[in-house]
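Peer 1: pasting the sequence and the predicted model now:
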Amino acid sequence: MTLQPVAGDDPRDILRALRAAMNGSGPALGLGMVTPPPADPPTGTAVVVTTSGSTGIPKSVVLGRAALTASALATAARIGEGAWLLALPATYVAGLQVLVRSLVAGREPGILSGTFSPASFAAAALTLTSSENGARVPTFTSLVPAQLTKLLDAAADATIASALRSFEAILVGGQALPVATLERAQAAGARIVRTYGSTETSGGCVYDGRPLDDVALRVVGGELQISGPTLADGYLGDEALTDAAFLRDADGTRWYRTGDAGTIDDGIVRVRGRIDNVIVSGGLNISLDRVERIVRGIPGLEDAVVVGVTDERWGEASVVVVPRGGALRRSESTQLDDARAAVADEIGPHARPARLVLVDELATLPSGKPDREAIRRSVAALNR
């Protein structure tokens, strides 16, 4: 089977190529590729998404037509059918799935033009409004937490507030959604669905803690593993990486090793963070994801990112990095003291952040997620 890399990131170009790839009339679609593909994809492939994920090492995830379709149908079964607005890059799986869901439903997606802003989002939401047989067609969209925060900050504008409330559901994923942000959104009348998943699972496969239909999760050695019809075929041209990430039970069931720590209590999945996002400070292991979750509960630090840096005394230490506007609601020293106290109460004194660094703007990836490596490098440079 042939693979057609798509030059650029114009969602309309991607939609045209995706339509042909999904119905089998065109080649598989290659997204995010900067070099020629290492091999031909297997039969049935719709899209190959090249992403660095959380490791920074590029990998090309093979997604079949069946997996993408299963994900779209499971989403519709969980939250309903309707029209979708694309407000994320179509080169990333969350944006790609907005297009897939639209194709599976036989509807043209709304597409936000240009750079994301509250005004452009509201304008695009208005264009999505329609009715069938006298009934309003439900609308849906997907966002990352940073986008949702921007919308909430601008929701004093009645048009933007109305746009937020207009969606039957807003899927929010890509990273953990701070509780304070969720509560703000709910107070504004937005119907938020928190999602968990990855490119290897065709996007979000756990909604508000509950797996989608036919998706199963288990915990092995503290790591969340996922099975079901939405799993990728593997990594293009890398059998070793595929075998390491995708396991097969004796009964033939495939499981994807997420690399995330988590628990399953009464059917509810709780993600604790990356297993490998750990520093060793004073000889003790500290989960930066866990520290970040606690810190984000401090007023003014809802958008904070916690990174690890070299420390002369402890070997490594955690640093809280936060956009200047939020942190200045109270004094920097007060917020650091509050963060240190909260972390000490829940984890222990050894895990307390060493510093709080104010920045004008957090570095982000094209997907909208924080660029943690760039943030870590900028903090490390301050110590030189």
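Peer 2: Cool, the structure landed.
Peer 1: contacts, neighbours, all on C-alpha from now
Peer 2: Will do.
Peer 1: could you pull out the strands for the stretch 101-250 of the chain?
Peer 2: Taking DSSP state E, counting those that start in this stretch to define them, one finds strands in the stretch 101-250 of the chain at 110-111, 131-132, 135-136, 139-143, 169-172, 192-198, 203-207, 210-211, 216-220, 223-227, 234-235, 246-248.
Peer 1: by mean pLDDT, show me the worst of those strands.
Peer 2: Lowest mean pLDDT of the strands of the stretch 101-250 of the chain: strand 131-132, a mean of 85.
Peer 1: coming back round to it: as a markdown table, the strands of the stretch 101-250 of the chain with mean neighbour count and distance to residue 261 would be great.
Peer 2: As requested, the strands of the stretch 101-250 of the chain are exported to a markdown table (neighbours: other C-alpha atoms under 10 Å; distance: least, C-alpha to C-alpha, whole Å):
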| stretch | mean neighbour count | distance to residue 261 |
| --- | --- | --- |
| strand 110-111 | 22 | 35 |
| strand 131-132 | 8 | 44 |
| strand 135-136 | 10 | 41 |
| strand 139-143 | 23 | 23 |
| strand 169-172 | 23 | 20 |
| strand 192-198 | 21 | 13 |
| strand 203-207 | 24 | 15 |
| strand 210-211 | 21 | 16 |
| strand 216-220 | 16 | 8 |
| strand 223-227 | 22 | 5 |
| strand 234-235 | 24 | 21 |
| strand 246-248 | 16 | 17 |
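Peer 1: how about TSV for those, with distance to residue 365 added?
Peer 2: As requested, those are arranged in TSV below (distance: least, C-alpha to C-alpha, whole Å):
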stretch	distance to residue 365
strand 110-111	20
strand 131-132	36
strand 135-136	36
strand 139-143	14
strand 169-172	16
strand 192-198	15
strand 203-207	17
strand 210-211	27
strand 216-220	28
strand 223-227	25
strand 234-235	22
strand 246-248	26
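Peer 1: low-scoring stretches of this structure, by residue?
Peer 2: Low-confidence segments of the chain (pLDDT under 70): 52-57, 325-330, 383-384.
Peer 1: the residue lying closest to residue 94 once chain neighbours are set aside pairs with what?
Peer 2: Closest residue to residue 94 apart from its sequence neighbours, by C-alpha to C-alpha, 6 or more residues apart in numbering: residue 203 at 5.7 Å. Residue 203 has these beta-bridge partners by DSSP bridges: residue 198.
Peer 1: 339 is where my numbering starts, stick with that
Peer 2: From this message on, residue numbering opens at 339, which makes the last subject residue 541.
Peer 1: surely residue 541 is in contact with residue 438?
Peer 2: No: contact between residue 541 and residue 438 fails when scored by C-alpha atoms under 8 Å: they sit 11.0 Å apart.
Peer 1: contacts only, for the most centrally placed residue in the chain.
Peer 2: The centroid of the chain falls nearest to residue 512 when counting by C-alpha atoms, centre = their mean (1.1 Å). Contacts for residue 512 (C-alpha atoms under 8 Å, 6 or more residues apart in numbering) come out as 482, 483, 533, 534, 707.
Peer 1: in CSV: the residues you listed, plus distance to residue 691.
Peer 2: Output for these, formatted as CSV (distance: C-alpha to C-alpha, whole Å):
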residue, distance to residue 691
482, 25
483, 23
533, 28
534, 27
707, 22
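Peer 1: out of those, which is nearest to residue 419?
Peer 2: Closest approach to residue 419 among the contacts of residue 512 (C-alpha to C-alpha): residue 533, at 17.2 Å.
Peer 1: and the gap between that closest one and residue 480?
Peer 2: To residue 480, residue 533 is 10 Å away according to C-alpha to C-alpha, to the nearest Å.
Peer 1: check residue 452 too.
Peer 2: To residue 480, residue 452 is 17 Å away according to C-alpha to C-alpha.
Peer 1: would you confirm that residue 676 contacts residue 636?
Peer 2: Yes: under the criterion of C-alpha under 8 Å, residue 676 makes contact with residue 636 at 7.1 Å.
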